[in-house]
Every structure is written in structure tokens, then in C-alpha cells.
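In: The following block contains a protein sequence and its predicted model.
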2 protein chains.
Amino acid sequence: MEVRARAPGKIILSGEHAVVHGSTAVAAAIDLHTYVSFRLHAPSDNDDGLIELELKDFGLAFSWSSQRLRELFSELGSWSPRSCSTECLKVITSLVEELSFPEAKIGLSSGVSAFLYLYTSIVGFRPGKVRVTSELPLASGLGSSASFCVSVSAALLALSGAVYSDNQQNGWLVMRENELELVNKWAFEGEKIIHGKPSGIDNTVSTFGSMIMFRLGELTRLKSSGPLRMLITNTKVGRNTKALVAGVSERAQRHPDAMAAVFTAVDSISKELSAVIESFALDDVSITAKEEKLEELMEMNQGLLQCMGVSHTSIETVLRTTLRYKLASKLTGAGGGGCVLTLLPTLLSSTIVDKVITELEVCGFQCLKAEVGGKGLEICFN
Amino acid sequence: MEVRARAPGKIILSGEHAVVHGSTAVAAAIDLHTYVSFRLHAPSDNDDGLIELELKDFGLAFSWSSQRLRELFSELGSWSPRSCSTECLKVITSLVEELSFPEAKIGLSSGVSAFLYLYTSIVGFRPGKVRVTSELPLASGLGSSASFCVSVSAALLALSGAVYSDNQQNGWLVMRENELELVNKWAFEGEKIIHGKPSGIDNTVSTFGSMIMFRLGELTRLKSSGPLRMLITNTKVGRNTKALVAGVSERAQRHPDAMAAVFTAVDSISKELSAVIESFALDDVSITAKEEKLEELMEMNQGLLQCMGVSHTSIETVLRTTLRYKLASKLTGAGGGGCVLTLLPTLLSSTIVDKVITELEVCGFQCLKAEVGGKGLEICFN
């Protein structure tokens, strides 16, 4: 038997950086997923008793003898999420150090560590195989690692019987609320291994979908039924998120009054934005007016991000290009490169969208179209 | 005898638009001038008794019979500034309507109206000739009309004996404080004819030079002894200032909380900026650190202006170009085109400056280098 899970990536609609200084931020799921399939090996299937991980997009496959893992981790199996101990992390790190990653894909090693932790914790040492593919570009601020952790956790928990077992139904299924919460907690443990101190926003959005408003560590799930469409332009310019966050803090120290006002402005924008999105309804007659409001809020937020000093020439290039088509854009996430959002209004012709994309691709950027605020984690048993 | 006067243009260093909503703004003089020369005709010089105005840059010259002007304006001559009455303005308007302006230079007509008012008020109907040239591009937000009104008023008042008559000294002279105040008041009357409801900032900066902080109609003169250099890029994109100001107000109505915070941020930036500039000293060892602070404040202000929605693709093009050279820029004035300021740090090599200018000129922009915060109105009697 095989289980499949898919979990979406996320974008920050508003409030990045300012959220560190107490402002409200809003994140939303996008319909770009990480797909995970998992099957346990039947004893006859695999004499070696291997635990296997295949990262198809990268042409990488790893396997470990389940025997050896059992010896290294005395007894790890557990269906209730708990943090990876320092000792356990040491063992995992040494296991991953044995593997050989191509230079350019060294960033994947922390994901493999998270996998090893989740697998051995949830499934124990029963041989099995996990295959992963993703529509999300890596390390671009679109929550690829969280959607990896969520979908891996869900698949492992599902086949281990810890969650949803109504496998009579066909097609993609949304889990029950308490099951989603369990998956989310495990995914957060995985995120900790990858990121150190994640905010928990990425895995929560990936698990529950829709939108989340967050402020001072408190997450509020929002409803959205809107057909919000965004163009996500990946500038492919690598960023140092820590340095960008530190840069904003330093600027706030140098100009405390001005920056406090800037963070207040962002807070208002996030609140307005979530109110507008929550008011969206399918076949909304006032959809264009609402989209214009969103565009204005995005433009305002982008100005404030530039005021914080986290823009980048590559981001400005995207802004200029989309502005020529009267489309509103803002950076999403850390800035300094990374991804830029452009709202695609409902009434915008696909010819224009194609033109914009062509222009952006000529600049060397990667363009992804996405529905925003849609479903979260889903699983499938057939 | 001939008198010459020169009065500088101005830039808004920070706070444009936000000033309308109660924030502090800072304007400064730039060493780009309008030059005016004035001589009274000796009776033998000119039998016709003409009052003449030559706008050399535009290849335009106008003249009026002093006899006719005397008949039209019963008795206008006055050395104390007072507003142009509705009746008087009617007469002036009809006189100007008689003139023929080339289509592209129709904007000059209000300047000619101001000239007629100032001349007949200050000099009366004595025949004479005023010649004007300017280094300032017209209608680009650099205060060309104010520097015209200031230099014309000064020349007229000087030769009429109302102000400074120490004509023994050679070269350019700064007038006494009370004389400058008189000139400034007349210039403001001229500005009213050109602009309707001017703020009085442009003529005050042009008259007194240096810098002026203004908030809620209150002007505070600042000292600056710094060698601040700016590149002023004229995008040559015409703007509708009224529409831009109205656009910001509408945005403030739609998003009162966010925009109030934005205006507060601008207020802080203007205050910080003026404090930094006032702390400048010649041969300042910490000049680079201060310039970096100014650059940061300019970048922040620009972000906030983008948040207000008054940027423009042409402005973005300038920003992107200068950003590539790690130079900080912000729009100055109304935005939506117009001019962009770029700080030229003291230690920046002229090779780089030339490169930036070349790149900007290739885009079709006009580049002007200017010292900021220097002298105001000066006159010369030789």
C-alpha cells in the first residue's frame, strides 16, 4: 500500500520584516506543492531492510540499513511530536555527513536530516521508501522546506495509522482538524532541524492552507474563498535572510521614531489586507474594486519595505516591468532578491499575463502562476 | 547704470506631500540660478519710453509703451509689497493676451504677468529693460518661477533705491536682512500671480538660501555649511501636481491609519535630516558617516513616497540606475515624473559621477550637478 501527500508552499502577503518588530503579517498558501509518496516495504520486497529517500527533482536517492539505524538510535519511534535531542541530532548529522551531495545541492542535507528524524520517530525502523517531488523552488522564500516537512510527516503518519485511515475514498482528501494539528506539530519539529528557530508560520500555512494572520508569535487562521491569483517571480538572487533581518533592526535602532511609524503603517496594512481578503466571495460583483484595494495595499507595503532597505535591483526590475502593465507588485519574504508577488486581477487578459511573463523571463527570472489562499495538506490512498 | 541679481533654485530634501498632512519638510537652495539684469533707460536712450523684458533662453522679447501702461494702471508704483488686486490682474492678463507665445512656451505667460506687476509696482512707469536667463529647467519643481520673481524683485528694488545701494563694492553682494525680507515679500506677490496659492517656501529659500524647515505653514531657517552635492536628474516627464496631491489625500482617506503613520515617519525623517545637515562642518572628518546617514534617510523617504503612490516609471529608472552605483536617490517635489535627487558623496570619484550621468542621459534625462544649501539672492552693481 502506498500513501501520497501533497502540501502547498506559502507567500507572505504583507508584513514581512515588520512582524519581527511587533506588526501583524499575513501569509497565504499557494497552489504549488511538494508531493510525497510513501510505502512500507513488505519483508519479501526488500531483503536488505532499507529505509529509502528519493529526491526526484534533484536526481538524488539515499538509503540506510534499517538495522543500522535501529542500532544508532536506541528507541526513537513515537507518534507524539517531540523535539530532536542534541544527542539524536548528532547521530543524524554524522549519518548525513556520510552522504555525498553535489556542491550545488549541499543545502538539501538539512532536509535529509529532517527526513531521518521524522521517519525514525514516526515509523520507527520499518523499511520503506519515500519519494519527493516539488513544484516549489528551493530556498526562495516560498516555504519549500515546510511543505516538505508537512507532506513527509503526513505520509508517514497516515501509513503508520496515526492519522486518517478512511482509505476507501478516492482522490485527494483533507484530514480531520486534530490530525492536521498532529501533522503540523511534527512538521514544526522537522522545520526546527532545517531552520533552527522557525516561526511556525510556514508549516501552519502549508498544513491548514488558506491564510494566516500572525503577530507576536500568535497565529490566527483566516478564511478566504477568493479566487486571488498571483504571479510569483523568482529573481533567483540568493539572499542572506539573517543579514536582512539584522539590517532592518539596525536601521530601527538608528531611526527609532521613523521606523516605529513605518512598522505601525505595515500593521495597519496587514489588518486592512486580511479584512479585504476575508470579504472576498466567489463571483463577487465588486471583485475588481477589492482587487484594486489589494493592489494599493501591496504598493504601499512595497514602499515601506523599500523604506526598511530590503529591496534589491532585481526586485526593482520586476516592479518596473509589471508597473508598465499597471500591475501592482511587492517583494515577498526576506527581500534582497528572492521572490516578488504581482496580483493578477480577475479581468486581466491572459495575453497580457503571457507578455509580462515573457518580459520577466527574458531578464532571467522564473515565473510561477499561483492561486492564493487555497487548500492546505491533502492525502491520497490509491 | 545696470544692476544684476541672481537667485537660486531649490530642491525639497524631504517631506514633500507629507507636508500637506502636517509633517515637517526641508527645502534647500541649489547653486543653479536665474540671472536678471536691469537698467533704466536714460531719456535720450529710448525715445519711445519702452518697458522691455527679454527672456534670452527662450529667444523672446516683449515691450510695452510706458505711456500706455501708465494710462492702464492709474497709479500703481509702490515700494511696499501688496497683493495684485483683481482689477489690476485683469488689466495685466489682457496685456499678456496681446502677446504671442510659441505653443510650447505658453507657460511663460504667467511669468510675464508677474513681471508686469512687479515692474509697475516697484519702478512705476519709468522706461527700462530687464533681461533674464536661467540655469533652471522650467516647471520641473526646482523653483524656477520663484527664483525669477526673487531676482526680478531684487533688481527692480535695488535700482529704485529701495534696497542696498552700497554700489561701491565689486562683485556679488548679499543684501541686508531687512532688505532680503522686502524682496522676499515682493517675490511672494509675484509667485501668487504665477501659482495662485504658493506656499512661500520656494521664494523664501531662493531669497535667503541655505535650508528651510517648514511645517503647517511655519518656516524655520536652518544653517548649513556643508559641501553637500547632489545630482539632479530631470526626467522631463510632465506632472500634474494638483492631481498628485489629491491622489495622496484620497489614499489617506482610504487608509487613514496606515497613511497617518507614514506621515509621522516622514516627519521624523525631516527632523533627523535637518539635524544631520546642521551638524555638517567644512572639512568634517566624519563627513562620510554623515553622508551615509543622509543617504539612508533619502532612501527611507523615497520608500515612503512610493507608499504614497507618487512615484513613476521614469523615477524608478533613475533609482535603479543610481542604485547600481550604490548611490541613494529620491524624487524631489511632486513626483509622478519631475526631478530626482542623488547624493554625490564627497569621496565619490568624478569618473563614477560621469558614468552615472552618461547612463541617465542615454535614457533621455537631463542631469544637473548642484551644491545644496548655499547662498541665496545676490546682487551686483558693476
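Out: On my side now, so go ahead. This is a predicted model, so every value here is computed, not measured.

In: check contacts around the residue nearest the centre of chain A.
Out: Nearest residue to the geometric centre of chain A (Cα atoms, centre = their mean): A:Gly143, 1.9 Å. When contacts are counted by Cβ atoms under 8 Å, 6 or more residues apart in numbering or on different chains, A:Gly143 is found next to A:8-11, A:136, A:202, A:205-206. Any C-beta I mention is one placed from the backbone N, CA and C, and that applies to glycine too.

In: again with A:Leu244
Out: With contacts defined as Cβ under 8 Å, 6+ apart, the neighbours of A:Leu244 are A:17, A:310, A:334-336.

In: how much space between it and chain B?
Out: For A:Leu244, the distance to chain B (Cβ to the nearest Cβ, to the nearest Å) stands at 15 Å.

In: Then A:Glu2?
Out: When Cβ to the nearest Cβ is applied, the distance between A:Glu2 and chain B equals 50 Å.

In: which residues does that residue bridge with?
Out: Here A:Glu2 sits in beta bridges with A:Arg39, going by DSSP bridges.

In: quick one, what contacts it?
Out: When contacts are taken as Cβ under 8 Å, 6+ apart, A:Glu2 is in contact with A:37-39, A:381.

In: name the element whichever residue of the stretch 101-250 of chain A sits closest to chain B belongs to?
Out: Closest to chain B within the stretch 101-250 of chain A is A:Glu250: 10.1 Å, counting by Cβ to the nearest Cβ. For A:Glu250, the enclosing helix or strand under DSSP states H and E is helix A:241-254.

In: Please identify the buried residues of that helix?
Out: Taking 16 or more other Cβ atoms under 10 Å in any protein chain shown as the neighbour-count basis, helix A:241-254 is seen to contain the buried residues A:241, A:244-245, A:247-248, A:251-252.

In: So which residues on the stretch 151-300 of chain A come close to chain B?
Out: Residues of the stretch 151-300 of chain A lying near chain B by Cβ under 8 Å from any Cβ of the partner chain: A:251, A:254-255, A:257-259, A:261-262, A:264-266, A:268-269, A:272, A:293, A:296-297, A:299-300.

In: where in chain A is pLDDT low?
Out: Within chain A, the ranges that satisfy pLDDT under 70 run A:44-47, A:75-77, A:79, A:164-169, A:282-284.

In: Which parts of it are helices?
Out: When secondary structure is read from DSSP state H, chain A shows helices at A:66-72, A:86-97, A:109-122, A:144-159, A:177-195, A:201-208, A:241-254, A:256-278, A:287-308, A:313-324, A:350-362.

In: Distance check, the residue of the stretch 101-250 of chain A closest to chain B against B:Ala28.
Out: Separation of A:Glu250 from B:Ala28 (Cβ to Cβ, to the nearest Å): 28 Å.

In: try A:Val318
Out: When Cβ to Cβ is the yardstick, A:Val318 and B:Ala28 sit 34 Å from each other.

In: Same check on A:Val112?
Out: A:Val112 is 58 Å from B:Ala28, where distance means Cβ to Cβ.

In: And these two? Which one has more around it.
Out: It is B:Ala28, of A:Val112 and B:Ala28, that has more neighbours when counted by other Cβ atoms under 10 Å in any protein chain shown, with 28 against 20.

In: List the beta-bridge partners for that one.
Out: B:Ile11, B:Met211.

In: Surely it and B:Ala370 touch.
Out: No: under the criterion of Cβ atoms under 8 Å, B:Ala28 is not in contact with B:Ala370, lying 9.6 Å apart.

In: hey, what's in contact with both of the two?
Out: Contact criterion Cβ under 8 Å, 6+ apart; residues bridging B:Ala28 and B:Ala370 by contacting each: B:Ile11.

In: thinking again about what came up before, could the buried residues of helix A:241-254 go into CSV alongside distance to B:Thr342?
Out: Putting the buried residues of helix A:241-254 into CSV (distance: Cβ to Cβ, whole Å) gives the following:
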residue, distance to B:Thr342
A:Thr241, 29
A:Leu244, 24
A:Val245, 28
A:Gly247, 21
A:Val248, 23
A:Arg251, 20
A:Ala252, 25
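
In: and of those, the nearest to B:Leu157?
Out: Closest approach to B:Leu157 among those (Cβ to Cβ): A:Arg251, at 48.1 Å.

In: Can you give me every residue that contacts the closest one?
Out: Counting by Cβ under 8 Å, 6+ apart, A:Arg251 has contacts A:259, A:308-309, B:296, B:300.

In: List the contacts of the closest residue to A:Glu179 other than its chain neighbours.
Out: With Cβ to Cβ, 6 or more residues apart in numbering or on different chains as the measure, A:Val163 is the residue that lies nearest to A:Glu179, at 4.0 Å, once sequence neighbours are left out. Under the criterion of Cβ under 8 Å, 6+ apart, the contact list for A:Val163 reads A:154, A:157, A:175-176, A:179, A:182-183.

In: now, among the contacts of A:Arg251, which is nearest to B:Leu327?
Out: Distance to B:Leu327, by Cβ to Cβ, is smallest for B:Glu296 among the contacts of A:Arg251, at 12.5 Å.

In: distance of the closest one from B:Lys290?
Out: Here B:Glu296 is placed at a distance of 11 Å from B:Lys290 (Cβ to Cβ).

In: Hmm, A:Phe62 is touching A:Ser113, no?
Out: No: with contacts defined as Cβ under 8 Å, A:Phe62 does not count as touching A:Ser113, sitting 11.2 Å away.

In: Can you give me the distance of A:Arg4 to chain B?
Out: Relative to chain B, A:Arg4 is positioned 43 Å away (criterion: Cβ to the nearest Cβ).

In: Number of residues surrounding that residue?
Out: Burial measure for A:Arg4: 20 neighbouring residues, criterion other Cβ under 10 Å.

In: quick one on the thing from earlier: out of the helices of chain A, the one nearest B:Cys84 is which?
Out: Across the helices of chain A, B:Cys84 has its closest neighbour in helix A:287-308 (40.6 Å, Cβ to Cβ).

In: What remains of the contacts of A:Val163 if I keep only buried residues?
Out: The neighbour-count criterion (16+ other Cβ under 10 Å) marks A:154, A:157, A:175, A:179, A:182-183 among these as buried.

In: could you dump the residues you listed to JSON lines with distance to B:Gly226?
Out: Compiled in JSON lines, these are given as follows (distance: Cβ to Cβ, whole Å):
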{"residue": "A:Ala154", "distance to B:Gly226": "62"}
{"residue": "A:Leu157", "distance to B:Gly226": "65"}
{"residue": "A:Met175", "distance to B:Gly226": "65"}
{"residue": "A:Glu179", "distance to B:Gly226": "65"}
{"residue": "A:Leu182", "distance to B:Gly226": "63"}
{"residue": "A:Val183", "distance to B:Gly226": "60"}
